[in-house]
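# any chance you could fold what I've pasted below:
(one chain, ligands or ions: 1)
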Amino acid sequence: MQVLSVASEVYPLVKTGGLADVAGALPLALGRHGVSVRTLMPGYPAVMQAVRDAVPVLRIEDLLGAKANILLAKHQGLDLLILDCPAFFDRPGGPYVDAGGQDHADNWRRFAALSKAGATIAQQGIDGWRPDLVHVHDWQAAMLPAYMRYAAEPEIPSLITIHNIAFQGQFGADIFPHLQLPPHAFAMDGVEYYGGVGFLKAGLQTSWAISTVSPSYAEEILEPEFGMGLEGLLNHRASSLTGIVNGIDTEVWNPETDSNLSAYYGSATLEAREANKRALAERFGLAEDDGPLFCVISRLTWQKGMDLLAETVDDLVALGGRLAVLGSGDRGLESAFLAAAEKHPGRVGIVTGYDEPLSHLMQGGADAIVIPSRFEPCGLTQLYGLRYGCVPVVARTGGLNDTVIDASPAALAAKAATGVSFGPATPDNLRRALRRTVRLYQDPKLWTAIQKQGMKSDVSWEMSAGLYAALYSQLLVKKGA
Ligand SMILES: Nc1ncnc2c1ncn2[C@@H]1O[C@H](COP(=O)(O)OP(=O)(O)O[C@H]2O[C@H](CO)[C@@H](O)[C@H](O)[C@H]2O)[C@@H](O)[C@H]1O
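Numbers count the residues shown, from 1 in each chain. Next up, the predicted model:
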């Protein structure tokens with residue numbers, strides 16, 4: 001089976017969050033299930049740098065007003081199709097924001113272009129290669145199924161995966177005439193949404209199937225509290241909606257071989273984590289002691305419940321804990337953690353910004369990772385935590401609920417516990433969870449058992465890639481029917 005995957009970020013080429021991890025790792029895992037994937041992504045400067053030997057295979061004269069080439073490249077096991085379109089992608093800043101951190105004003109055009117190029121490849125093939133099915137990720141690729149629906153050629157089966165419904169790609173009606181879609185596409189069963197153009201809405205409306213990144217989140221988004229306005233449409237399409245939990249790349253994330261660590265270790269050599277813990281404490285300016293070291297690796301946002309953590313820092317310190325925060329995002333939250341670090345010298349440290357190697361060291365050295373999310377489609381940092389013996393302390397929501405087994409008396413007795421969970425996400429519940437975690441930590445035998453049980457969890461892509469392959473097969477059957 002041949003699949004075209006389309007995403008706006010793909011690890012290791014460009015990453016701002018978990019979408020990149022998934023878009024980079026899933027194709028490799030699918031390969032082991034007999035699915036061959038080519039991934040279409042934008043040719044940002046970092047991507048063009050990394051794939052210098054890429055070969056042009058298709059020229060597009062007018063892609064929403066710009067000239068573009070599709071390049072074929074291989075990178076670290078990934079088969080890539082790069083949308084080389086300098087007018088849209090050759091510019092400073094990140095994939096979505098300019099150097100000053102503001103959204104690019106033409107993001108609608110940039111990602112409609114990605115979707116339109118994808119639809120062309122899906123329906124016409126490229127360089128003798130024809131996909132059987134197309135799998136698009138998040139709002140940036142969500143217009144692809146709509147472009148297929150309104151094109152002259154027959155459409156091929158499509159799956160859209162929601163990684164985060166909070167980002168919907170909602171724009172004014174004034175962009176519609178520039179999208180190169182027929183007028184009747186501006187309708188309730190097309191791309192129109194609340195009088196404007198909704199990219200994610202269009203994808204949810206026109207794709208053959210919808211998935212999200214955990215079974216719990218697939219249920220949650222049917223409710224107004226989590227559906228963020230799209231719950232009506234999702235309920236309407238509920239029979240086409242499924243949840244498949246994310247895996248992780250267990251080669252990139254392997255404490256036995258991870259070169260970002262000061263010391264390698266496995267579940268039989270957990271004592272070697274001490275060297276990583278010392279390196280981590282030093283990096284964050286934390287005092288040495290034998291209390292638990294908590295970490296956070298996160299976008300600093302409301303979604304991630306970072307305000308709840310900022311509110312409970314004093315309690316965490318009073319419990320004898322230390323806290324290392326790696327993150328960036330909301331300026332107010334950055335300031336709150338900077339203030340906490342000033343108030344608790346040697347107990348709280350923050351590194352602002354994005355630092356992939358440091359995130360590995362933190363998983364390899366901290367005792368626990370705190371994830372107090374208000375909603376979490378899947379979450380990856382708890383999976384990295386499980387793999388690294390960094391015990392996840394998580395809010396009971398979405399994928400966090402599906403991947404962490406709370407250290408309840410029953411789970412401890414059954415030797416099944418892998419972390420601590422609490423809910424709903426409130427400061428009081430987080431406080432209680434931190435207290436419970438410290439108590440568990442103070443019983444070394446129990447703590448080690450939880451770490452080891454977590455390290456035994458299957459967080460690989462193996463099972464979930466199989467579920468995606470099965471879903472693809474179902475869609476191909478539907479096409480034949
Ligand atoms: N400052 C920093 N420095 C270095 N690394 C950092 C970092 N901040 C975050 N990261 C890394 O970025 C990734 C974030 O993963 P999350 O699962 O939290 O995804 P995110 O919320 O971005 O995406 C959405 O998509 C993913 C994928 O489906 C879902 O798991 C998730 O629930 C959903 O919100 C992890 O690899 C983490 O280590």
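# list the contacts of the nearest residue to Tyr11 once chain neighbours are set aside.
Leaving aside its chain neighbours, Tyr11 sits nearest to Gly24 (3.4 Å; criterion: C-beta to C-beta, 6 or more residues apart in numbering). Quick note: C-beta positions are derived from backbone N, CA and C, even for glycine. By C-beta atoms under 8 Å, 6 or more residues apart in numbering, the contact list for Gly24 reads Val10, Tyr11, Pro12, Leu13, Lys15, Leu78, Asp249.
# what does Thr437 give?
Pro292, Phe294, Ala368, Val391, Val393, Val420.
# any idea how far Gly203 is from the ligand?
Going from Gly203 to the ligand by C-beta to the nearest ligand atom, to the nearest Å gives 15 Å.
# next secondary structure element downstream of the strand or helix carrying that residue?
Using DSSP states H and E, Gly203 sits within helix 199-206. Proceeding N to C from helix 199-206, the next assigned helix or strand is strand 209-212, under DSSP H and E.
# that next one pairs with which strands, parallel or anti?
Sheet pairing of strand 209-212 (DSSP bridges) gives strand 158-162 (parallel), strand 241-243 (parallel).
# which residues does that strand contact?
157-163, 165, 204, 218, 221, 234, 237, 240-244, 377, 468, 471, 474-475.
# among those, the buried ones, what's the PyMOL command?
Remark: buried members of the contacts of strand 209-212, expressed as a PyMOL selection using 16 or more other C-beta atoms under 10 Å:
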select buried, resi 157+158+159+160+161+162+163+165+204+218+221+234+240+241+242+243+244+377+468+471+475
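# highest neighbour count among the contacts of Thr437?
Val391 (30 neighbours; other C-beta atoms under 10 Å).
# from what I see, that residue and Gln451 are in contact.
Yes - contact status for Val391 versus Gln451: in contact at 6.2 Å, counting by C-beta atoms under 8 Å.
# make sure Pro255 is indeed in a strand.
No - counting by DSSP: H, G, I helix; E, B strand; the rest coil, Pro255 is not part of a strand but coil.
# quick check: pLDDT value at it.
For Pro255, the model assigns a pLDDT of 98.
# count the neighbours of it for me.
25.
# what does it show for phi and psi?
The phi and psi values for Pro255, taken as degrees, to the nearest 10, are phi -60, psi -10.
# give me every residue in the stretch 51-200 of the chain lying close to the ligand.
His163, Asn164 (C-beta under 6 Å from any ligand atom).
# and the nearest residue to Asp249 once chain neighbours are set aside, what does it touch?
Nearest non-adjacent residue to Asp249, counting by C-beta to C-beta, 6+ apart: Ala25, 4.1 Å away. Shown in contact with Ala25 (C-beta under 8 Å, 6+ apart): Tyr11, Gly247, Ile248, Asp249, Val252, Trp461.
# so for Ala25, what's the pLDDT?
Here the pLDDT value assigned to Ala25 is 97.
# and the one helix or strand it maps to with strand 158-162, angle?
If you go by DSSP H and E, Ala25 is part of helix 18-31. Per axes from the mean of the first three to the mean of the last three C-alpha atoms, to 10 degrees, the angle that helix 18-31 makes with strand 158-162 is 140 degrees.
# JSON lines for the strands paired with strand 209-212, including mean pLDDT?
Listed next are the strands paired with strand 209-212 as JSON lines, based on pLDDT from 0 to 100:
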{"stretch": "strand 158-162", "mean pLDDT": "98"}
{"stretch": "strand 241-243", "mean pLDDT": "98"}
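# and those: which comes nearest Leu19?
Smallest distance to Leu19 across the strands paired with strand 209-212 (C-beta to C-beta): 9.1 Å, for strand 158-162.
# can I get the closest one in PDB, CA atoms only?
Extracted as PDB, the C-alpha positions of strand 158-162 are listed here (Å, rounded to 0.1, in the frame of the first residue of the first chain):
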ATOM      1  CA  SER A 158      -8.300  10.300   2.800                       C
ATOM      2  CA  LEU A 159      -7.700  10.300   6.600                       C
ATOM      3  CA  ILE A 160      -7.300  13.500   8.600                       C
ATOM      4  CA  THR A 161      -5.600  13.300  12.100                       C
ATOM      5  CA  ILE A 162      -6.400  15.900  14.700                       C
END
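# tell me what angle it forms with helix 199-206.
Going by the same axes, to 10 degrees, strand 158-162 makes 140 degrees with helix 199-206.
# narrow the contacts of Gly24 to those that are buried.
Buried, going by 16+ other C-beta under 10 Å: Val10, Tyr11, Leu13, Lys15, Leu78, Asp249, out of the contacts of Gly24.
# out of these, which is nearest to the ligand?
Using C-beta to the nearest ligand atom, Lys15 is the member of those that lies nearest the ligand, at 6.8 Å.
# tell me the contacts of that closest one?
Glu9, Asp21, Gly24, Glu356.
# can you list these in TSV and add distance to Pro372?
Converted to TSV, those look like this (distance: C-beta to C-beta, whole Å):
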residue	distance to Pro372
Glu9	25
Asp21	21
Gly24	27
Glu356	23
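# return the member of those residues nearest to Leu200.
Closest to Leu200, out of all of these and judged by C-beta to C-beta, is Glu9, at 16.0 Å.
# nearest the geometric middle of the chain, what residue?
Nearest to the geometric centre of the chain sits Gly18, at 2.1 Å (C-alpha atoms, centre = their mean).
# circling back: what would the contacts of Thr437 look like in TSV with distance to Gln140?
Listed next are these as TSV, based on distance: C-beta to C-beta, whole Å:
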residue	distance to Gln140
Pro292	39
Phe294	33
Ala368	33
Val391	34
Val393	32
Val420	35
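# name the residues of the helix holding Ala25 that are buried.
Result for helix 18-31 [16+ other C-beta under 10 Å]: buried residues 18-30.
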